[in-house]
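Q: Build me a model:
(one chain, ligands or ions: 3)
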Amino acid sequence: MVSDLRELAEVIGRCERPLLTGHIMPDGDCIGSVLALALMLEGQGKSVRAVSPDPVPQIYRFLPAIERVSVGVPPAGFEPDSFIMLDCSDPERVGPDLAVYLDKPGVTAINIDHHVSTRPFAHYNYIDPGASAVGEIIYDLSFELGAPITYEVAASLYTAIFTDTGSFRYDSTTSGTHRRVARLIELGVSPSEVNTAVYEERSLESIRLLHATLGSVERTPSGLVAWASLTIDQEAAVGATGEDGEGLINYVRMIKGVEVAALFRETEPSVFKVSLRSKRFVDVSALAQEFGGGGHPRAAGCTISGALNEVTEAVIRVAERRLAEDSDGRSA
Ligand code: AMP
Ligand code: MN
Ligand code: MN
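A: Ligands and ions are numbered 1, 2, ... in the order given. Predicted coordinates:
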């Protein structure tokens, strides 16, 4: 484990040809953090390649310099000496094509993350669950690296932090988050422009998907657990793509009285990507880990195979048990 940012900066400082990546089904934090760190290291004269295992969602394509993040594997001929993963809670998060770099001879694997569930699976691991976003860590790292925060870097970091904190609404938001973000605004970032690009320019398909999601909402008799589901057929009927599902889970959580919200999205026949959220005290990261996933105490996820009703029942059963356990100590 790398315990401080100075040591992390030293490790990164030794890399000459770093390959940077975020996770599959990328979000604002991994895209923004990858782009920001790539720009910083490029500015220091390194030969950097930044990739995303899945396409960059449309809502993040407004970011200046986003074309620096390519999709899939790095271009042929590029031989990285280091593999830097951002926002990846386990090695599978980089996807099957990039996983080869984790134990490729001559390649130093570095993971920079903020999930509570993350184990040290790389050669060097910097994990700070107290950071609201990996973007916060990269902001702090810039000072240790001696890399200036240009406007492009600032816009990327702001977007990373803005999206992972739920627009500065979640518990993870601290005074330190606001201090860092204040500096990013001073560097020229427009909060309204980022907000409009990310949340106010949704595709019509995503609104139709919202309609389908809301139509499927159910809750337990206690009202503490609510869930919604989307099948491949429903998604196909509205012409939606994976990224059109961003944020749908929030509508399930916002129901009065709900503590645990779940969204089951069928990604392949009988394979469900499960998004989990809690409102006040249930540790959904622990819940997700029971199904091989992970995440944060209030936002987590996992993938489960099976028939929809079986998958739903299994998750609800564990959610209800965790509700009983976590409400005892209100410890999460
Ligand atoms: P999502 O519901 O996809 O927005 O994910 C919420 C949080 O859970 C994110 O912080 C993810 O990193 C984490 N997460 C989602 N799916 C998985 C998974 N299959 N394994 C580990 N972590 C996950
Ligand atoms: Mn993420
Ligand atoms: Mn994150």
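Q: what's the helix or strand for the residue in the stretch 201-332 of the chain positioned nearest to ligand 1?
A: Of all residues in the stretch 201-332 of the chain, Gly301 sits closest to ligand 1, with a separation of 2.4 Å (Cβ to the nearest ligand atom). The way it works is simple: take the backbone N, C-alpha and C, and place the C-beta from them, glycine included. Mapping Gly301 onto the secondary structure by DSSP states H and E places it in strand 299-305.
Q: The residue of the stretch 201-332 of the chain closest to ligand 1: what's it in contact with?
A: Residues counted as contacts of Gly301 (Cβ atoms under 8 Å, 6 or more residues apart in numbering) are 273-276, 288, 293-295.
Q: quick one on the thing from earlier: partner strands of the strand holding Gly301, with direction?
A: The partner list of strand 299-305 in its sheet, established with DSSP bridges, is strand 271-278 (antiparallel), strand 294-295 (antiparallel).
Q: Distance check, the nearest residue in space to Asn111 that is not next to it in sequence against Thr177.
A: Beyond its immediate neighbours in the sequence, the residue positioned closest to Asn111 (Cβ to Cβ, 6 or more residues apart in numbering) is Ala122, lying 4.0 Å away. Plainly put, Ala122 is 26 Å away from Thr177 if you go by Cβ to Cβ, to the nearest Å.
Q: host element of the closest residue to Gly295 other than its chain neighbours?
A: In this structure, Gly295 finds its nearest non-sequential neighbour in Ser285, 4.8 Å apart by Cβ to Cβ, 6+ apart. Counting by DSSP H and E, the element that carries Ser285 is helix 284-289.
Q: What are the buried residues along that helix?
A: For helix 284-289, burial by neighbour count (16 or more other Cβ atoms under 10 Å) applies to 284-289.
Q: got the residues of this structure near ligand 1?
A: Within reach of ligand 1 by Cβ under 6 Å from any ligand atom, the chain has these residues: 89-90, 275, 293-296, 299-303.
Q: From Val2, how far out is the residue nearest to Asn111?
A: Separation of Ala122 from Val2 (Cβ to Cβ): 10 Å.
Q: try Glu246
A: Using Cβ to Cβ, one gets 31 Å for the distance from Glu246 to Val2.
Q: which one of the buried residues of helix 284-289 sits closest to Val71?
A: Proximity of the buried residues of helix 284-289 to Val71, judged by Cβ to Cβ, is greatest for Ala288, which lies at 26.4 Å.
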